[in-house]
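Participant: this is the structure alone, sequence omitted:
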């Protein structure tokens with residue numbers, strides 16, 4: 001319930017999409033350097049994030065703020081801000097041109113994450129579509 005309220009009040013840049021029912025399933029791996037941090041999946045209209053076994057064993061890196069429990073599998077109907085901020089605002093003409101050239105719907109969070117999600121200036125993690 002709290003997540004639904006937050007989603008109405010606050011949206012980061014890149015979260016303008018409506019997150020429609022996308023038919024395509026998706027799998028992304030999140031890396032910090034060579035360390036696989038976790039896996040983000042989209043299936044049956046649900047986003048899931050789970051830390052990798054290697055990350056769970058790592059004692060030097062902190063968890064991601066949206067995912068504080070290393071042993072939990074997180075599920076949500078909407079893409080979490082940690083990942084959504086990787087998608088630039090579509091109000092920028094250059095980004096909109098890039099979206100149209102890739103033939104991606106402006107509301108397709110999976111397609112937008114595949115197009116823009118690999119790197120971001122907001123954190124050192126890399127997101128790779130599998």
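Facilitator: Happy to help now that I have it. These numbers were taken from a predicted model, which means no experiment stands behind them.
Participant: pretty sure residue 40 contacts residue 47?
Facilitator: Yes. Between residue 40 and residue 47 there is a contact under C-beta atoms under 8 Å: 6.8 Å. Just so you know, the C-beta spots here come from the backbone N, C-alpha and C atoms, and that holds for glycine as well.
Participant: shared neighbours, the two?
Facilitator: Residues touching both residue 40 and residue 47 by C-beta atoms under 8 Å, 6 or more residues apart in numbering: none at all.
Participant: what segments of the protein are strands?
Facilitator: In the chain, strands defined by DSSP state E lie at 26-32, 35-43, 46-51, 74-76, 126-129, listed in chain order.
Participant: elements contacting the longest one?
Facilitator: Spelled out, it's strand 35-43. The helices and strands touching strand 35-43, judged by 3 or more C-beta pairs under 8 Å, 6 or more residues apart in numbering; DSSP states H and E, are strand 26-32, strand 46-51, helix 53-57.
Participant: looking at the ones you listed, which is buried most?
Facilitator: strand 46-51 (a mean of 19; mean count of other C-beta atoms under 10 Å).
Participant: list the contacts of it.
Facilitator: Strand 46-51 has contacts (C-beta under 8 Å, 6+ apart) with 37-42, 63, 66-67, 70-71, 73-80.
Participant: need the contact list for the spatially closest residue to residue 29 that is not a sequence neighbour.
Facilitator: Spatially, and ignoring its direct neighbours in sequence, residue 29 is nearest to residue 128 (5.1 Å; C-beta to C-beta, 6 or more residues apart in numbering). Shown here is residue 128, whose contacts under the criterion C-beta under 8 Å, 6+ apart are 28-29, 31, 118.
Participant: let me see the confidence value for residue 128.
Facilitator: According to the per-residue confidence, residue 128 scores 96 in pLDDT.
Participant: on that earlier part again, could I have the buried ones of the contacts of strand 46-51 as ChimeraX selection syntax?
Facilitator: Only the buried members of the contacts of strand 46-51 enter the following ChimeraX selection, criterion being 16 or more other C-beta atoms under 10 Å:
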select :37,38,39,40,41,42,67,70,74,78,79,80
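Participant: identify the residue nearest the geometric centre of this protein.
Facilitator: Most central residue of the chain, judged by C-alpha distance to the mean C-alpha position with C-alpha atoms, centre = their mean, is residue 83 at 2.8 Å.
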